[in-house]
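**Student:** Test case, fold it:
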Amino acid sequence: MSESNVVTIAGKEYEESNLDDQQMYLINQIRDLQAKAANLRFQLDQVQAAQDVFTNGLIASVEESDEDEVAIAN
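**Tutor:** Okay, the predicted model is just below:
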């Protein structure tokens, strides 16, 4: 028994086997774009985490310099 994938479009279910080539092409484009969007969100999370690390490092470095200047002034 062969099972067909079901796709929901605008709230209605369609069997992929009943869709024409153009419709399947559009579905595949959408699926590919969804995967790319998920990957970009994943990469953005990594970039934001790295940016936080560098920002916190800069803040700690500046605060340390400020403390050293206060100690020298006293």
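
**Student:** Run through who's touching stretch 43-54.
**Tutor:** Contact with stretch 43-54 is made by no outside residue, as judged by Cβ atoms under 8 Å, 6 or more residues apart in numbering. Quick note: C-beta positions are derived from backbone N, CA and C, even for glycine.

**Student:** need the contact list for T8.
**Tutor:** T8 neighbours (Cβ under 8 Å, 6+ apart): Y14.

**Student:** hang on, it in a strand?
**Tutor:** Yes. Under DSSP: H, G, I helix; E, B strand; the rest coil, T8 sits within a strand.

**Student:** Report the beta-bridge partner residues of it.
**Tutor:** E13 (DSSP bridges).

**Student:** shaky segments in this structure?
**Tutor:** 1-3, 71, 73-74 (pLDDT under 70).

**Student:** cutoff 50 now
**Tutor:** 1 (pLDDT under 50).

**Student:** just the strands in it please.
**Tutor:** Applying DSSP state E to the chain gives strands spanning 6-9, 12-15.

**Student:** Buried deepest among these, which one?
**Tutor:** Mean neighbour count (mean count of other Cβ atoms under 10 Å) peaks for strand 6-9 among the strands of the chain, with a mean of 12.

**Student:** Only alpha carbons, please: show it as CSV.
**Tutor:** Provided in CSV are the C-alpha atoms of strand 6-9 (Å, rounded to 0.1, in the frame of the first residue of the first chain):
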residue,chain,number,x,y,z
VAL,A,6,-0.6,15.3,2.7
VAL,A,7,0.0,19.0,2.4
THR,A,8,-2.1,21.6,4.1
ILE,A,9,-2.6,24.8,2.0
